[in-house]
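1. With the input below, show me the fold.
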Amino acid sequence: MQKKVAIWGASGHALVVADILRLQGEYEIVGLLDDLNPERRGQQTAGLPVLGGREQFDVLRHRRVTHLIFGFGDCSTRLRLTSVAKENGFEFATAIHPRAVVAAGAAIGVGTVIAAGAVVNPGSSIGAHTIINTCASVDHECVIGDAVHVGPGAHLGGRVKVGDEVWIGMGATVLDRLQIGARSIVGAGSVVTKDVDADVVVYGVPARKIRSVEAQIKRWQQRSSETP
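-> Predicted coordinates for the structure are as follows:
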């Protein structure tokens with residue numbers, strides 16, 4: 001019997017997660033949860049109903065839904081909401097695309113999503129609620145923390161260590177044996193040739209520190225407030 005799962009999130013990434021779960025065949029997807037857009041309740045997204053937000057937890061349990069999985073990219077929010085889901089009695093599904101290559105013995109944390117074409121090589125460890133996105137690669141003996149996002153087409157060399165909540169942008173390359181500190185952001189297309197401190201934004205070829213993550217968040221917030 002398939003276990004019942006709800007995808008917490010209703011963005012484009014949620015559609016990717018849903019596709020992986022369907023191909024795995026281990027779960028029945030009951031729908032999507034969207035806390036940000038309550039007006040979407042009752043709508044359909046790629047054939048899945050938007051059930052509402054977290055206020056639906058009691059309903060989900062009544063329907064014998066035992067598992068959740070995150071369907072959005074924000075790293076810090078995925079990590080923060082982990083405790084909320086556990087407190088409400090849910091377990092987490094793990095989604096590994098059948099066309100991903102995951103080495104025997106590689107450790108994959110609960111709630112993690114490994115997309116089509118991704119490669120995780122021998123001796124590597126992937127934390128909980130991490131995303132190894134489309135065609136990304138993690139080479140041998142890497143240690144990837146919790147709630148990390150390795151973007152589409154990004155490549156990590158051997159024995160790389162990545163802290164919790166790190167975002168590695170699309171097409172970035174991280175050379176062998178480097179360390180990336182927690183919560184840092186590596187810009188798309190960057191080539192990381194030396195260790196990266198925690199809580200910084202780096203990009204370029206070679207990648208260099210541009211600003212702190214705190215300053216970056218303020219820039220995003222300012223741009224958002226200026227958008228009509």
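2. domain parsing for the protein?
-> Split into domains by automatic domain parsing, the chain comes to 3-93, 96-214.
3. Pull up the distance across the shortest one, start to finish.
-> In other words, domain 3-93. The first residue of domain 3-93 is 9 Å away from its last residue (CA to CA, to the nearest Å).
4. just stretch 34-42 next, same as before
-> End to end - CA to CA - stretch 34-42 spans 11 Å.
5. Could you tell me what pLDDT the model assigned to the residue nearest the centre of the chain?
-> Residue closest to the average C-alpha location in the chain (CA atoms, centre = their mean): I131, at 3.3 Å. Predicted confidence (pLDDT) for I131: 98.
6. sorry, back to before: could you look over the domains of the chain and pick the most buried one?
-> domain 96-214 (a mean of 20; mean count of other CB atoms under 10 Å). Bear in mind the C-beta positions are built from the backbone N, C-alpha and C, glycine included.
7. contacts for the lowest-mean-pLDDT helix or strand in the chain?
-> When the helices and strands of the chain are scored by mean pLDDT, DSSP states H and E, helix 213-226 comes last with a mean of 80. Helix 213-226 has contacts (CB atoms under 8 Å, 6 or more residues apart in numbering) with 183-185, 199-201, 211.
8. Which secondary structure state is assigned to F57?
-> With DSSP: H, G, I helix; E, B strand; the rest coil as the basis, F57 sits in helix.
9. quick one on the thing from earlier: could I get the domains of the chain as JSON lines with distance to Q222?
-> Below are the domains of the chain laid out as JSON lines (distance: least, CB to CB, whole Å):
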{"stretch": "domain 3-93", "distance to Q222": "18"}
{"stretch": "domain 96-214", "distance to Q222": "13"}
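10. Downstream of the helix or strand hosting L60, the next helix or strand is which one?
-> Using DSSP states H and E, L60 falls within helix 57-62. Beyond helix 57-62 on the C-terminal side, the first helix or strand identified by DSSP H and E is strand 67-70.
11. So what's the gap between that following strand and the chain middle?
-> A distance of 12 Å separates the centroid of the chain from that of strand 67-70, by CA atoms, centre = their mean, to the nearest Å.
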